[in-house]
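In: Can you look at this prediction? I've put the sequence above it.
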Amino acid sequence: MMMTVASRVKETLANLKGIEATLSHLALEAKEEKAKDEFHECCLMARRAIKELEQRIGEIEREEPQYIKDFRKKVE
């Protein structure tokens, strides 16, 4: 089965959320202040990317034909 763009982006989003959680954990567990700061900064970057991907998923779902078809069924 071929994955749609939206499903691939959703899969990427799930992976990124896992990375963000790992970075957050590493920031909390790091002993050195520099390491804590670097992990925290990477965590913030991941959070920004997550928000952008979530917005993009909404756009993609409005554009992809199968989502448009499903949306029309719901509206009718």
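Out: On my side now, so go ahead. Owing to the predicted nature of the structure, the values given are computational and were not obtained by experimental measurement.

In: so where do the helices sit in the chain?
Out: Along the chain, counting by DSSP state H, helices occupy 5-29, 33-63, 65-75.

In: Mean neighbour count and mean pLDDT for those helices - can I get that in a markdown table?
Out: In this view, the C-beta of every residue, glycine as well, is placed from N, C-alpha and C. Below are those laid out as a markdown table (neighbours: other C-beta atoms under 10 Å; pLDDT from 0 to 100):
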| stretch | mean neighbour count | mean pLDDT |
| --- | --- | --- |
| helix 5-29 | 14 | 94 |
| helix 33-63 | 14 | 93 |
| helix 65-75 | 10 | 56 |
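
In: what sits against the closest residue to Lys17 other than its chain neighbours?
Out: Spatial nearest neighbour of Lys17, excluding adjacent residues (C-beta to C-beta, 6 or more residues apart in numbering): Ile50 at 6.2 Å. Counting by C-beta atoms under 8 Å, 6 or more residues apart in numbering, Ile50 makes contact with 13, 16-17, 20.

In: redo that, cut-off 10 Å
Out: 13, 16-17, 19-20 (C-beta atoms under 10 Å, 6 or more residues apart in numbering).

In: Same question for Leu26.
Out: By C-beta under 10 Å, 6+ apart, the contact list for Leu26 reads 35-36, 38-40, 42-43.

In: measure the residue nearest the centre of the chain to Glu41 for me?
Out: In the chain, the centroid-proximal residue (C-alpha atoms, centre = their mean) is Leu13; its distance is 2.7 Å. To Glu41, Leu13 is 21 Å away according to C-beta to C-beta, to the nearest Å.
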